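Undergrad: Next comes the sequence, and after it the predicted model I'd like to discuss.
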Amino acid sequence: MQAKVGNLNINEKKTRPKINLRKTVVMKWNVNPGVKIQLEGSDIEEVEKFVYLGATVTTTGGAGEDISVRLGKVQAVFCNLKNIWRNSQLSINTKLSIFRSSVLAVLLYGCETWRMIKSDEI
C-alpha cells in the first residue's frame with residue numbers, strides 16, 4: 001500500500017492535482033495495524049470509518065452504521081415536511097410525490113452498494 005501511495009504522489013505531480021494530507025485518510029483491515037502509511041514523510045491518519053459521497057464506510061464491512069445514519073436523515077426530512085403532511089389543500093397524490101422525491105430518495109441513497117451482513121437485518 002505504501003508503494004501505491006508513493007506512485008500516486010509521483011504521478012499526481014505530473015497532472016497537477018495535489019494530494020491534501022489533512023483530507024486524506026486510510027482504512028485498513030486484515031493487515032498489520034502497526035505499519036503506518038506515509039506521504040512525503042508524514043503519516044496518513046488511520047480511521048475505523050469515514051464518509052464517502054454521503055455513505056458511511058466502516059472496517060466491519062456491513063451497512064449497519066450507514067443505515068442508522070440514513071434513518072436519522074430521513075426522520076429529519078420527514079419532520080421538516082410536517083406542514084406539507086398537515087396541509088389539507090394538497091392531494092394525497094401530491095403528498096406521495098413529495099414523499100417519494102424527498103424522503104425515499106434520502107433513505108435509499110447509495111443502498112445499491114450496501115454490503116448487508118446478518119447483523120444488519122431487522
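TA: Done, it's in. What you are looking at is a predicted structure, and each value in this text was computed from that prediction instead of being measured. Residues are numbered from 1 along each chain as shown.
Undergrad: how close does residue 106 get to residue 100?
TA: Separation of residue 106 from residue 100 (CB to CB, to the nearest Å) stands at 11 Å. Yep, even glycine has a C-beta here, placed from its N, CA and C like the rest.
Undergrad: just residue 59 next, same as before
TA: Using CB to CB, residue 59 is found at 34 Å from residue 100.
Undergrad: higher neighbour count, those two?
TA: A direct count of neighbours by other CB atoms under 10 Å for residue 59 and residue 100 places residue 59 higher, at 13 against 10.
Undergrad: Without its sequence neighbours, what residue ends up closest to that one?
TA: residue 29 (4.7 Å; CB to CB, 6 or more residues apart in numbering).
Undergrad: now that neighbour: how far from residue 49?
TA: Taking CB to CB, one finds residue 29 at 11 Å from residue 49.
Undergrad: Touching both of the two, which residues are there?
TA: Common neighbours of residue 29 and residue 49 (criterion: CB atoms under 8 Å, 6 or more residues apart in numbering): residue 59.
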